[in-house]
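*Asks:* Make a model of this:
(one chain, ligands or ions: 4)
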Amino acid sequence: MAKLNFGGVEEEVVTREEFPLEKAREVLSTETIAVIGYGVQGPGQSLNMRDNGFNVIVGQRKGGKSWDKAVADGWVPGETLFELEEALAKGTIICYLLSDAAQIELWPTVKANLTAGKSLYFSHGFGVTYKDQTGIVPPADVDVYLVAPKGSGTSLRRLFVEGKGLNSSFAVFQDATGKAREKCIAMGIGVGSGYLFETDFYREVTSDLTGERGTLMGAIQGIFAAQYEVLRSNGHSPSEAFNETVEELTQSLMPLVAENGMDWMYANCSTTAQRGALDWWKPFRDATKPVFEQLYNSVKSGEQANISITRNSQSDYRVKLEEELAELRESEMWRAGQTVRSLRPENS
Ligand SMILES: NC(=O)c1ccc[n+]([C@@H]2O[C@H](COP(=O)([O-])OP(=O)(O)OC[C@H]3O[C@@H](n4cnc5c(N)ncnc54)[C@H](O)[C@@H]3O)[C@@H](O)[C@H]2O)c1
Ligand SMILES: CC(C)(O)[C@@H](O)C(=O)O
Ligand SMILES: [Mg+2]
Ligand SMILES: [Mg+2]
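*Replies:* Ligands and ions are numbered 1, 2, ... in the order given. The predicted model follows:
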């Protein structure tokens, strides 16, 4: 592992230089990797591993959209694409990539196929950490580990195709064969990770649930909505409010932050903007920190997992989800965004 200094704190990470793809292929050369579920992570991870030369099969319920997508992506029914049970029986590394709530329902079938020496692979610490609510308790004679790409499966695939890589965390929960760690890292390299940092199942799930409810998704939409509403109620047009709230951030400023950090983005704006942003970031931090504390406590207590399981297990959850997504899509802000995006030169 390479030791690196992260803002003054030393951490060990795994890079592709020290654990090259050839080594990952060698470690997993006798394995049949069964990717169970072809939703968002399933396609990204399975296609990257296939392109990287691993022996991969896909398990998916027949007849739905995901099955058709798998066929369109080149998985061949009866050869590399199977019904769930058949893939579970054939796989020696079971990549459990159903949605976290759906994992509860299929667990008895998965468990029945986890014979001694197989691996159970996750991309989230959810099922195992919240075992009291999920019932997911792996047999003692299998390896259990996770690789959690830090981003959407869509980005995992896109970056891989571009020759780049999304960072992932990895963790070993159970090492029955003495080879779990090596296999876990090999899987991390195989799915196309840029580099890998170590965690455990509990820390993975608590940080991930916080991040997606916080700055990655929940908080950012909340802050966008608040600023947009203030601009609109003060007489600014939708295009002005959207450009000043979202478009400039995603198109101009965040790419600069991604490239070289916040200080560099600040340094490339006017002295007027710098002064204001330096004065205002702390009030925003202080105003939102109590909400982040509340969020973290709700994650820590298991409340967020409970809400997620309960809501996502309801029979009409897709209908309800679509209603809530429609509320976002049909809001003036995101309808304005649709028009703004259509006006980008590359889209016209
Ligand atoms: N979505 C992401 O980009 C992302 C990122 C990092 C980690 N993860 C983790 O990866 C795992 C997979 O998440 P996802 O978002 O790819 O899943 P998903 O919601 O896209 O679902 C995956 C598949 O589950 C199948 N499915 C749903 N209910 C089922 C049931 N009852 N029985 C059988 N199959 C069923 C669907 O057909 C779908 O193909 C989760 O643990 C998630 O937390 C996801
Ligand atoms: C892509 C995210 C938000 O990072 C992931 O955690 C998820 O649950 O989809
Ligand atoms: Mg998540
Ligand atoms: Mg995440």
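*Asks:* now stretch 90-100, how far from the centre of its chain.
*Replies:* 16 Å (C-alpha atoms, centre = their mean, to the nearest Å).
*Asks:* For that stretch, which outside residues touch it?
*Replies:* 28, 30-39, 41-42, 45-46, 57, 59, 82, 88, 103, 106, 110, 113-114, 117-124, 126-127, 134, 183, 187, 308-309, 312 (C-beta atoms under 8 Å, 6 or more residues apart in numbering). Where C-beta positions appear, they are placed from N, C-alpha and C, glycine not excepted.
*Asks:* what does stretch 70-83 give?
*Replies:* Outside stretch 70-83, the residues that reach it (C-beta under 8 Å, 6+ apart) are 38, 43, 46-47, 56-62, 67, 90.
*Asks:* change it to 6 Å
*Replies:* Stretch 70-83 is contacted from outside by 38, 57-60, 62, using C-beta atoms under 6 Å, 6 or more residues apart in numbering.
*Asks:* what separates that stretch from the chain centre, distance-wise?
*Replies:* 24 Å.
*Asks:* cool, stretch 37-54 as well?
*Replies:* 14 Å.
*Asks:* Pull out the buried positions in it.
*Replies:* 37-50, 52, 54 (16 or more other C-beta atoms under 10 Å).
*Asks:* V128 and ligand 1: what is the separation?
*Replies:* 11 Å (C-beta to the nearest ligand atom, to the nearest Å).
*Asks:* got a pLDDT number for that residue?
*Replies:* V128 carries a pLDDT value of 98.
*Asks:* picking that back up, restrict the buried residues of stretch 37-54 to those near ligand 3?
*Replies:* With C-beta under 5 Å from the ion as the criterion, no member of the buried residues of stretch 37-54 is in contact with ligand 3.
*Asks:* Now intersect these with the helices, please.
*Replies:* Among the buried residues of stretch 37-54, the members found in helices (DSSP state H) are 41-50.
*Asks:* Between the buried residues of stretch 37-54, which sits nearest ligand 2?
*Replies:* V40 (6.7 Å; C-beta to the nearest ligand atom).
*Asks:* Can you tell me the closest non-neighbouring residue to that closest one?
*Replies:* Nearest residue to V40 in three dimensions, chain neighbours excluded: G153, at 4.0 Å (C-beta to C-beta, 6 or more residues apart in numbering).
*Asks:* which residues touch the one you found?
*Replies:* So G153 contacts 40-41, 44 (C-beta under 6 Å, 6+ apart).
*Asks:* Switch those residues over to TSV; also include distance to E10 and pLDDT.
*Replies:* Below are the contacts of G153 laid out as TSV (distance: C-beta to C-beta, whole Å; pLDDT from 0 to 100):
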residue	distance to E10	pLDDT
V40	34	97
Q41	31	98
G44	31	98
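*Asks:* How about the residues of the protein by ligand 2?
*Replies:* Within the chain, the positions near ligand 2 by C-beta under 6 Å from any ligand atom are 151-152, 208, 212, 216.
*Asks:* and the nearest residue to A180 once chain neighbours are set aside, what does it touch?
*Replies:* Using C-beta to C-beta, 6+ apart and skipping residues adjacent in sequence, the residue nearest A180 is D143, 3.8 Å away. Contacts for D143 (C-beta under 6 Å, 6+ apart) come out as 119, 176-177, 180.
*Asks:* so how far is A336 from D143?
*Replies:* 50 Å (C-beta to C-beta, to the nearest Å).
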